[in-house]
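**Student:** 3D model of this:
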Amino acid sequence: MIPKIILIFVLTYAASSTAMRTRQIVPIDALKKLDIKTSINSIGTATGGIIGAVPELVTDTFGNILDINNMPNVPWIPVPELIINEGYPSESHFVTTSDGYVLNIHRIPYGKSGASNGQVVYLQHGLFAASSDWVLNGPKNALGYILADLGYDVWMGNVRGNRYSRNHTTFSPSSKEFWQFDWHEIGKIDIPTIIDYILEQTQQSDLFHIGHSQGTTSFYVMTSLKPEYNNKIKAHISLAPIAYMNHLFSPLLRIVSLGTLPLDVLFQMVGQYEFMPSSGFLNFLTDAVCSEGVGKVLCKNVLFAMAGFSPKQMNVSSIPLLMAHYSAGAATKQVVHYGQEVNSGKFEQFDYGAYRNYKIYGSIFPPDYDLSKITAPMYLIYSSNDWLAANVDVEKLYSQLPNGKELYNIPIQTWNHLDFLFGNNATEMVYDKIVQILSNY
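**Tutor:** I've put the predicted structure just below:
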């Protein structure tokens, strides 16, 4: 029998790649009624590791053991407190966007030695994430601390809708109006607002920008729509770059990107305004693609269900901590926009349908983001086992950047989307590379 994960991948890939041409409805009931026996372990390597972990007890490469049935409950601790607990200086800043969102950004102004090299680095998190991305792994293994100890003034953004930026001058997060945004607005409004604030506070004319996942997408949006911001960037480093997406593997996004599903069905599955997948949808996904061991636990969390999990790089003892911090929140429209990119094969603005597109854009089709306007020095770091940023899509992106400086592929074949943040070898594989790039400026 065909393993269920392969069947679902084929169904969703085929449906998404033909959606714009056929406009046929693919009922979700057809997926729910699949009754095919599967051998998860046999395809663990091919799918990047969320599948195939040893049931019940999971052991990582360091010999740490996690009992899935008795996983400790780790409390959520705010980022400023995490930083202080590690003995670093911490600041919390608030900035209001032009459309009323109140963003909470965090800062490590210097490391434990107090030394400063006079340079500013802005770190931007990805989808479902927060500034915690850059500190959770501790002083020796988290990029925020590593850069601070080298004398950089480290700022960590939190975009609209995540747990630190769920405030607005008019709208409540419980209202539908609050969630009428996606990564287009984040790139067009949030990121430049944060950059202007940082430069004003530090009295600098430019800064380094490092993004992971959606943190790269929003940077491409900003610098293509507001090319004047290229002059405020010393250099940009993309970790797991996301622009083109039609070759991605992620089963969660493949299902969301079916495109032909009626919107009411899609919203029942993943949330009307805030992306909060129903338990039934996550149970279906878990049964389909990650039904054993630690994968079964992690697939209940949308971040891991979307991006995958690599037992060879993840310290399993840190999983309870990660589960306490993710998901940090996102709008359904952010995920739907990514699903649109999967279908279209383009890097384009949100597709509202022909009628609304014409009213908004003056065309029945959404416009592409003009990558030729991104003139900042660009460094792209990617990997071969990334569920979201497929090699062919990243290489296509890089080929269209007028000031691409380096395209660097992580030399570990199993390196996964989240390993850029939490991999056991992230320091030697990624952060040392980042430090070397920054030292050239």
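**Student:** quick one, what contacts the spatially most central residue of the chain?
**Tutor:** The C-alpha lying nearest the average C-alpha coordinate of the chain belongs to residue 126 (C-alpha atoms, centre = their mean; 3.1 Å). Contact analysis of residue 126 by C-beta atoms under 8 Å, 6 or more residues apart in numbering lists 133, 211, 212, 213, 214, 215, 240. Bear in mind the C-beta positions are built from the backbone N, C-alpha and C, glycine included.
**Student:** hang on, it in a helix?
**Tutor:** No. Residue 126 is assigned coil when assessed by DSSP: H, G, I helix; E, B strand; the rest coil, not a helix.
**Student:** now do the contacts for the spatially closest residue to it that is not a sequence neighbour.
**Tutor:** Nearest residue to residue 126 in three dimensions, chain neighbours excluded: residue 213, at 2.9 Å (C-beta to C-beta, 6 or more residues apart in numbering). Shown in contact with residue 213 (C-beta under 8 Å, 6+ apart): 125, 126, 127, 129, 239, 240, 242, 307, 388, 389, 417.
**Student:** isn't the last one right up against residue 307?
**Tutor:** Yes. The pair residue 417 and residue 307 passes the contact test of C-beta atoms under 8 Å, sitting 4.1 Å apart.
**Student:** what touches both of these two?
**Tutor:** 213, 387, 388.
**Student:** and the pLDDT at the second one?
**Tutor:** At residue 387 the predicted local confidence, pLDDT, stands at 90.
**Student:** which SS state does it fall under?
**Tutor:** coil.
**Student:** wait, is residue 107 part of a strand?
**Tutor:** Yes. Looking at residue 107 with three-state DSSP, it is inside a strand.
**Student:** ok, it - contacts?
**Tutor:** Contacts of residue 107 (C-beta under 8 Å, 6+ apart): 90, 91, 92, 93, 153, 154, 155, 156.
**Student:** what distance do you get for it to residue 408?
**Tutor:** 28 Å (C-beta to C-beta, to the nearest Å).
**Student:** let's have the contacts of residue 107 in CSV, adding pLDDT and secondary structure.
**Tutor:** Output for those, formatted as CSV (pLDDT from 0 to 100; DSSP: H, G, I helix; E, B strand; the rest coil):
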residue, pLDDT, secondary structure
90, 98, coil
91, 98, strand
92, 98, strand
93, 98, strand
153, 98, strand
154, 98, strand
155, 98, strand
156, 98, strand
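**Student:** what's the farthest-apart pair in those?
**Tutor:** 92 and 153 (15.0 Å; C-beta to C-beta).
**Student:** looking at the two, which one has more neighbours?
**Tutor:** Under the neighbour definition other C-beta atoms under 10 Å, residue 92 and residue 153 were set side by side, and residue 153 has more, 22 against 15.
**Student:** now for the spatially closest residue to the more buried one that is not a sequence neighbour: which residues touch it?
**Tutor:** In space, and not counting its chain neighbours, residue 153 is closest to residue 120: 4.7 Å by C-beta to C-beta, 6+ apart. With contact set as C-beta under 8 Å, 6+ apart, residue 120 has these partners: 152, 153, 155, 198, 199, 202, 204, 207, 208.
**Student:** ranking the residues you listed by neighbours, who comes first?
**Tutor:** Neighbour max across the contacts of residue 120 (other C-beta under 10 Å) = residue 155, 28 neighbours.
**Student:** return the set of residues that bridge with it.
**Tutor:** residue 107, residue 122 (DSSP bridges).
**Student:** for it, give its distance to residue 340.
**Tutor:** For residue 155 relative to residue 340 (C-beta to C-beta), the value is 31 Å.
**Student:** re the thing from before, need the contacts of residue 120 in TSV with distance to residue 335 and secondary structure, can you?
**Tutor:** Shown next, in TSV, are the contacts of residue 120 (distance: C-beta to C-beta, whole Å; DSSP: H, G, I helix; E, B strand; the rest coil):
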residue	distance to residue 335	secondary structure
152	32	coil
153	33	strand
155	26	strand
198	28	helix
199	31	helix
202	34	helix
204	34	coil
207	29	strand
208	28	strand
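**Student:** could you dump those residues to JSON lines with distance to residue 73?
**Tutor:** Supplementary listing: the contacts of residue 120 in JSON lines, determined by distance: C-beta to C-beta, whole Å:
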{"residue": "152", "distance to residue 73": "35"}
{"residue": "153", "distance to residue 73": "35"}
{"residue": "155", "distance to residue 73": "31"}
{"residue": "198", "distance to residue 73": "36"}
{"residue": "199", "distance to residue 73": "41"}
{"residue": "202", "distance to residue 73": "39"}
{"residue": "204", "distance to residue 73": "42"}
{"residue": "207", "distance to residue 73": "38"}
{"residue": "208", "distance to residue 73": "37"}
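**Student:** what's the most distant pair in these?
**Tutor:** Checking the contacts of residue 120 with C-beta to C-beta, the most distant pair is 152 and 199, at 14.8 Å.
**Student:** related to what we said a few turns ago, closest to residue 423 out of the contacts of residue 213?
**Tutor:** Once C-beta to C-beta is applied, the member of those that ends up nearest residue 423 is residue 417, at 10.2 Å.
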